[in-house]
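Colleague: give the three-dimensional model of this entry:
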Amino acid sequence: MPTFLLLWFGQAISLFGSGLTSFALGVWVFERTGSATYVALIGLCAVLPRVLLSPLVGTFIDRWNRRTVMILSDAGAGCSTLFIASMVATGRIEVWHIYLAVAVSAAFGAVQWPAYTATTTLLVPPEHLGRANGMMQLGQAVSDVLAPALAGVLVQGIALQGVILIDVTTFVVAVFTLLLVRLPRLSAPAVTQNAEGKERFWRQVTYGWTYINARPGLRGLLFFSMVVNFLWGMVGALITPLILSFTTSTNLGLIISIAGGGMLLGSLAMSTWGGPRRRIQGVLRFEFLSGLCFILIGLRPAFWPIALGVFGAHCTIAVIFGSNQVIWQRKVAPEVQGRVFATQQMVAKAATPLAYLLAGPLVEWVFEPLLAAGGALAPSIGAFVGIGPGRGIGLLFVVMGMVKMGVALAGSLNPRVRLVEDELPDITLHSIQPAEALA
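Modeller: Residues are numbered from 1 along each chain as shown. Model prediction:
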């Protein structure tokens, strides 16, 4: 645990620095272009490389020393940020430079998360994995809550270049902590060899999916996560227009802060509690609760119901994430976790870009007309959720909440998913060398 804590500290500091830069770059792009679409493209550049590169990077994570992989990942992301700083300093910065740097940083991030998660399995005793995953989510929550507020102040004081240089410094801290820790490693070869002594590269690339597909419980859990991430992608795209349809940008900021507070509280709870003993119940029951919160968000155009809904939904994230990841960490063989976790990342996040692409047209062409004055659903459903601007988005939130609850119930009724912890054996770490054996 002490080694994990040092590793976690460095990665959390780096994550916070990235949050500062992300907010500052979004502000800069919007001020330069005045277009929300250009800002949204930053998010797309941050997601697509992770989805596209995940099958490739998993192979290298299992082949190489995972500490080296994480050092290279942090260093590469830091260099891309330093590139932006140099462009700003010379006055040559363009919007496409930001897209390029974000995409390169995301490409290195595609390596970082699976390597970080797989390394955690080797460092943390099984009974504390829930707490460790809660701490990892806590680092994300702190970044989401504090980084935007601090970045807004820093941009006014030290400008974009100063914020980016702070981010570069946090990458240096992350690399330094990695150099300090001594991590265990697998004593057996990381990649299984075939009869000729060499496995073809394409088989290594697809091995993560082969491994998951052979285990119906993990496969069902993965597709469950993909649906949930799609719904959260829709929330990310639509929560701002939903709130601004009936109130001010000041109240929007308050609700977003409340959502961040919910995520922070949930992460703190998971870090100390560790999650339920039956991890799969933590996933399914809290997703059902999250669905109820989605419905509450969409029901009425009022501040407090929406604030309560976003607070509750974000509270569940850490418990769901931590419980889900413990299942994977305890059921996937450590020597293949790089490839399996990379595939998990790719499939789970694959639907998020689709959500961003579908959200706008779905609202503008389908749901908003249904609840406009004189719309087809105005006399019926409109009596419950209201009619007029923004009520179509509210109805979509209600539908998404019902879908979430239905998916959670379907998971509970699927014996492969419900019994995944019983049907798959826990991993053994007999092939692991202690940290002292590795510099």
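Colleague: residues in contact with residue 328?
Modeller: 117, 218, 221, 337, 340-341, 344 (CB atoms under 8 Å, 6 or more residues apart in numbering). Quick note: C-beta positions are derived from backbone N, CA and C, even for glycine.
Colleague: cool, residue 93 as well?
Modeller: Residues counted as contacts of residue 93 (CB under 8 Å, 6+ apart) are 84, 87.
Colleague: isn't there a strand covering it?
Modeller: No - counting by DSSP: H, G, I helix; E, B strand; the rest coil, residue 93 is not part of a strand but coil.
Colleague: what pLDDT does it get?
Modeller: Note on residue 93: pLDDT of 83.
Colleague: ok, the one 3 residues further on next?
Modeller: Looking at residue 96, its pLDDT reads 88.
Colleague: which of the helices or strands spans it?
Modeller: helix 95-123 (DSSP states H and E).
Colleague: check residue 329 too.
Modeller: Counting by DSSP H and E, residue 329 is part of helix 303-331.
Colleague: ok, back up a step: which of the contacts of residue 328 has the most neighbours?
Modeller: residue 337 (30 neighbours; other CB atoms under 10 Å).
Colleague: who's in contact with the closest residue to that one other than its chain neighbours?
Modeller: Spatial nearest neighbour of residue 337, excluding adjacent residues (CB to CB, 6 or more residues apart in numbering): residue 118 at 3.8 Å. Residue 118 makes contact with 61, 66, 334, 337-338, 341, according to CB under 8 Å, 6+ apart.
Colleague: ok, residue 216 next?
Modeller: residue 416.
Colleague: distance of it from residue 421?
Modeller: 13 Å (CB to CB, to the nearest Å).
Colleague: what about the closest residue to residue 163 other than its chain neighbours, how many neighbours?
Modeller: Of all residues not flanking residue 163 in the chain, residue 24 sits nearest, at 4.4 Å (CB to CB, 6+ apart). Residues lying near residue 24 (other CB under 10 Å) number 25.
Colleague: now the helix or strand harbouring residue 24: average pLDDT?
Modeller: For residue 24, the host element (DSSP H and E) is helix 2-33. Across helix 2-33, pLDDT averages out at 83.
Colleague: ok, and what's touching stretch 134-149?
Modeller: So stretch 134-149 is contacted by 8, 11-12, 15-16, 18-20, 22-23, 116-117, 120, 257, 260-261, 263-264, 266-275, 317-318, 321-322 (CB under 8 Å, 6+ apart).
Colleague: report the buried members of these.
Modeller: Among the contacts of stretch 134-149, those classed as buried by neighbour count (16 or more other CB atoms under 10 Å) are 8, 11-12, 15-16, 18-20, 22-23, 116-117, 120, 260-261, 263-264, 266-271, 274-275, 317-318, 321-322.
Colleague: tally of neighbours for the closest residue to residue 108 other than its chain neighbours?
Modeller: Leaving aside its chain neighbours, residue 108 sits nearest to residue 76 (4.0 Å; criterion: CB to CB, 6+ apart). When neighbours are defined as other CB under 10 Å, residue 76 has 18 of them.
Colleague: is it true that residue 76 touches residue 104?
Modeller: Yes - between residue 76 and residue 104 there is a contact under CB atoms under 8 Å: 7.2 Å.
Colleague: which residues in the stretch 51-200 of the chain form helices?
Modeller: 66-89, 95-123, 129-180 (DSSP state H, counting those that start in this stretch).
Colleague: adding distance to residue 373, write those out as JSON lines.
Modeller: JSON lines is the format used below for the helices of the stretch 51-200 of the chain (distance: least, CB to CB, whole Å):
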{"stretch": "helix 66-89", "distance to residue 373": "47"}
{"stretch": "helix 95-123", "distance to residue 373": "39"}
{"stretch": "helix 129-180", "distance to residue 373": "36"}
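Colleague: right, and residue 104 touches residue 78 too?
Modeller: No - counting by CB under 8 Å, residue 104 stays clear of residue 78, with 10.9 Å between them.
Colleague: of these two, which one has the most company?
Modeller: More neighbours surround residue 78 than the other of residue 104 and residue 78, with 23 against 18 (other CB under 10 Å).
Colleague: so that one is in contact with residue 165, correct?
Modeller: No - counting by CB under 8 Å, residue 78 stays clear of residue 165, with 10.9 Å between them.
Colleague: mutual contacts of those two, please.
Modeller: Common neighbours of residue 78 and residue 165 (CB under 8 Å, 6+ apart) do not exist.
Colleague: tell me the confidence at residue 422?
Modeller: In this prediction, residue 422 carries a pLDDT score of 91.
Colleague: so which elements touch the helix or strand that contains residue 396?
Modeller: Assigned by DSSP H and E, residue 396 falls within helix 391-413. Applying 3 or more CB pairs under 8 Å, 6 or more residues apart in numbering; DSSP states H and E, we find helix 391-413 packed against helix 216-244, helix 279-299, helix 368-370, helix 382-385, helix 415-418.
Colleague: quick one: that helix to helix 279-299, angle?
Modeller: Relative orientation of helix 391-413 versus helix 279-299 (axes from the mean of the first three to the mean of the last three CA atoms, to 10 degrees): 160 degrees.
Colleague: starting at the chain centroid, how far to helix 391-413?
Modeller: Distance of helix 391-413 from the chain centroid (CA atoms, centre = their mean, to the nearest Å) equals 20 Å.
Colleague: kindly report the same for stretch 328-341.
Modeller: On CA atoms, centre = their mean, the centre of stretch 328-341 falls 18 Å from that of its chain.
Colleague: begin at 27, not 1, for the rest of this chat.
Modeller: Renumbered: residue one is now 27, and that last one reads stretch 354-367.
Colleague: rounded mean pLDDT for it, please.
Modeller: Per-residue scores along stretch 354-367 average to 87.
Colleague: poorly predicted segments of the stretch 327-465 of the chain, please.
Modeller: 455-465 (pLDDT under 70).
Colleague: let's see that with 80 instead.
Modeller: Counting by pLDDT under 80, the stretch 327-465 of the chain shows low-confidence ranges at 382, 453-465.
Colleague: okay, now residue 302: neighbour count?
Modeller: If you count neighbours by other CB under 10 Å, residue 302 ends up with 15.
Colleague: touching, it and residue 308? I think so.
Modeller: Yes - the criterion here is CB under 8 Å, and residue 302 meets it with residue 308 at 4.3 Å.
Colleague: what do those two both touch?
Modeller: With CB under 8 Å, 6+ apart as the test, residue 302 and residue 308 both reach residue 349.
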